[in-house]
Each structure stands twice: as C-alpha cells, then as structure tokens.
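Asks: Quick one, what's the 3D model for this:
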Amino acid sequence: QRQLVESGGGVVQPGGSLRLSCAASGFTLDNYAIGWFRQAPGKEREGVLCISSSDTVRYYSDSVKGRFTASRDNAKNTVYLQMNSLKSEDTAVYYCTAHLGCSMPRRYWGQGTQVTVSS
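Replies: Numbers count the residues shown, from 1 in each chain. The predicted model follows:
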C-alpha cells in the first residue's frame, strides 16, 4: 500500500522551531515532488511549499519565506519541513502530498499532523 505519513507536529511557543517529517511507504520519494499544505480551523487549505525531485523549493505562501524550508533524505525515504520563527498564525494541520512535479496533481497524501503555536 502506497502512503505518506506525517509526523513531528506538536505544541511550540512563538519563535520556536519544529521539523515535520513526511515518510513514504510502498514507493520511493526520490522521483516525486513533495508538497506541503496546511489547513487552519475555519480556513481553506493553503499551499506552503513544494520541493521538486531535484530539490528545488517553490514557495506557495509569502508568509513562510525565510522561515520554512524543505529537504529530503532519500536514504530514509523521507522529506522534511523545517519551520523556524513560528508564529501563532502557523497553527494548522500540516499535510504532505506526492506529485510527479510541483505543478502536477497530487498522487498520494498523508493524514496530517497538528502544529500548534501558542504561549
């Protein structure tokens, strides 16, 4: 069964950092672009960024530029979302998705992990 599993969410104070993981099973991530999305309560899902198979990062949200970045560890079949200088408005459920390219429709997606930024 091909699936993505996110982990690493939790509660963090404003200004803190978290690293989310997106692990794949049943297929290898190195040929896929991985998108990160988030959805806050009462809001529509928002694109955060996408890391291509060649490790180019495309940002969908100006609010995370300079604070968030992505990387991949193909040996672990995992992509990471490093989130620094977190703000309360970053509170959301974060999802990762797998695409053949950042502009292509998603093929696989995970169940999400909750990130709460609160003092």
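
Asks: Can you give me the buried ones in the lowest-mean-pLDDT helix or strand in the chain?
Replies: When each helix and strand of the chain is scored by mean pLDDT, DSSP states H and E, strand 106-109 comes last, with a mean of 92. Using 16 or more other CB atoms under 10 Å as the test for burial, strand 106-109 gives Arg106, Tyr108, Trp109. Any C-beta I mention is one placed from the backbone N, CA and C, and that applies to glycine too.

Asks: Give me the helices and strands touching it, please.
Replies: Using 3 or more CB pairs under 8 Å, 6 or more residues apart in numbering; DSSP states H and E, the elements in contact with strand 106-109 are strand 3-7, strand 92-99.

Asks: center of this protein, which residue is that?
Replies: Centroid check for the chain by CA atoms, centre = their mean gives Trp36 as the closest residue, at 3.3 Å.

Asks: Quick check: closest non-adjacent residue to that one.
Replies: Closest residue in space to Trp36, ignoring its immediate chain neighbours: Val48 at 4.2 Å, by CB to CB, 6 or more residues apart in numbering.

Asks: What lies in contact with the strand or helix carrying that neighbour?
Replies: Assigned by DSSP states H and E, Val48 belongs to strand 46-51. Around strand 46-51, the neighbours that count as contacts under CB atoms under 8 Å, 6 or more residues apart in numbering are 33-40, 57-61, 64, 68-72, 79, 81, 92, 94, 99, 102.

Asks: and what of stretch 67-81?
Replies: Identification of contacts with stretch 67-81 by CB under 8 Å, 6+ apart yields 19-25, 28-30, 34, 36, 48-51, 55, 57, 59, 82-86, 94, 96.

Asks: what comes up buried for it?
Replies: Phe68, Thr69, Ala70, Arg72, Asn77, Thr78, Val79, Tyr80, Leu81.

Asks: Also stretch 89-97?
Replies: Asp90, Thr91, Ala92, Val93, Tyr94, Tyr95, Cys96, Thr97.

Asks: OK, contacts around the second one?
Replies: Contacts were defined as CB under 8 Å, 6+ apart; by that measure Thr91 touches Ala40, Val115, Thr116, Val117, Ser118.
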